[in-house]
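Participant: Coordinates only, no sequence provided:
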């Protein structure tokens, strides 16, 4: 009889442990979750998170390198146009001479990686600024200047002309706030500097799903 009670006790203990493990399952799927790099852009109007397309590797590697070296910190969004875009990333925008904004960069260009079959100018997409076709027939991108599309309808004419290399996956409302700021009517430069602080963040794919509702490729 004692043996029967002992067997029952062991079975009860096993069942209890199983139920407890069911309540607190091991998150084995996330233990080896892939870490992905995401760009964080802090401004006085809020924070944006940007995904860099792996299909544009030259632009992706360049932007990550500049962000890691703090190149973008204290540069400004020096050109803002409602229903079009906000543009920034020029090191010249750090100085007190507003006339040279939009003319600077790191001293090099990036070969075009234009692929309209995959990426087009839509709201929230990020593309590289560049010199015009007369000076730049190969459509090489600025080494640092970029713009964020405010409106799909206002930017679709830029398809096949500029390299789209990323997208805002959180914080697009920051763009909505920035484009409304008072500006110089002839240059579209904000009357007050809108500075950025740019950092590289690492997120697991699960965090991207949970925090941004974004599925990394």
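Facilitator: In hand now; what should we look at? Only a predicted model underlies this, so the values are computations on that prediction, with no experimental measurement involved.
Participant: which residues are in contact with stretch 168-178?
Facilitator: Here stretch 168-178 makes contact (CB atoms under 8 Å, 6 or more residues apart in numbering) with 38, 41, 43, 45-51, 77, 80, 86, 123-126, 148, 150, 190, 194, 208, 211-212, 214. C-beta coordinates here come from the backbone N, C-alpha and C atoms, glycine included.
Participant: make it 10 Å
Facilitator: Stretch 168-178 is contacted by residues 38-51, 77, 80, 82, 85-86, 88, 123-126, 148-151, 190, 194, 208, 211-216 when judged by CB atoms under 10 Å, 6 or more residues apart in numbering.
Participant: so how far is residue 72 from the spatially closest residue to residue 124 that is not a sequence neighbour?
Facilitator: Leaving out its chain neighbours, the residue that sits closest to residue 124 by CB to CB, 6 or more residues apart in numbering is residue 168, at 4.3 Å. Relative to residue 72, residue 168 is positioned 15 Å away (CB to CB, to the nearest Å).
Participant: How about residue 91?
Facilitator: Distance from residue 91 to residue 72, by CB to CB: 9 Å.
Participant: quick one on the thing from earlier: could you give me the ChimeraX syntax to select whichever of the contacts of stretch 168-178 are buried?
Facilitator: Applying 16 or more other CB atoms under 10 Å to those leaves a buried subset, and the ChimeraX line that selects it is:
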select :38,39,40,41,42,43,45,46,48,49,50,51,77,80,82,85,86,88,123,124,125,126,148,149,150,151,190,194,208,212,214,216
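Participant: So which of the contacts of stretch 168-178 belong to helices?
Facilitator: 208, 211-212 (DSSP state H).
Participant: mind putting the residues you listed in CSV, distance to residue 58 and pLDDT included?
Facilitator: CSV is the format used below for the ones in helices among the contacts of stretch 168-178 (distance: CB to CB, whole Å; pLDDT from 0 to 100):
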residue, distance to residue 58, pLDDT
208, 23, 98
211, 28, 97
212, 25, 98
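Participant: Which of the residues you listed sits closest to residue 158?
Facilitator: residue 212 (25.2 Å; CB to CB).
Participant: hang on, isn't the closest one packed against residue 51?
Facilitator: Yes. Contact criterion CB atoms under 10 Å: residue 212 and residue 51 qualify, at 8.5 Å.
Participant: hmm, back to that, list residues touching both of residue 91 and residue 72?
Facilitator: With CB under 10 Å, 6+ apart, residue 91 and residue 72 have common neighbours 66, 144.
Participant: Not counting its neighbours along the chain, what's nearest the most centrally placed residue in the chain?
Facilitator: The residue lying closest to the centre of the chain (CA atoms, centre = their mean) is residue 50, at 0.9 Å. Once flanking residues are discounted, residue 50 sits nearest to residue 39: 4.0 Å by CB to CB, 6+ apart.
Participant: Relative to residue 134, how far out is the one you found?
Facilitator: From residue 39 to residue 134 the distance is 32 Å (CB to CB).
Participant: Same check on residue 85?
Facilitator: 22 Å.
Participant: hmm, back to that, surely the residue nearest to residue 50 is in contact with residue 65?
Facilitator: No. Residue 39 is not in contact with residue 65 according to CB under 10 Å; the separation is 11.8 Å.
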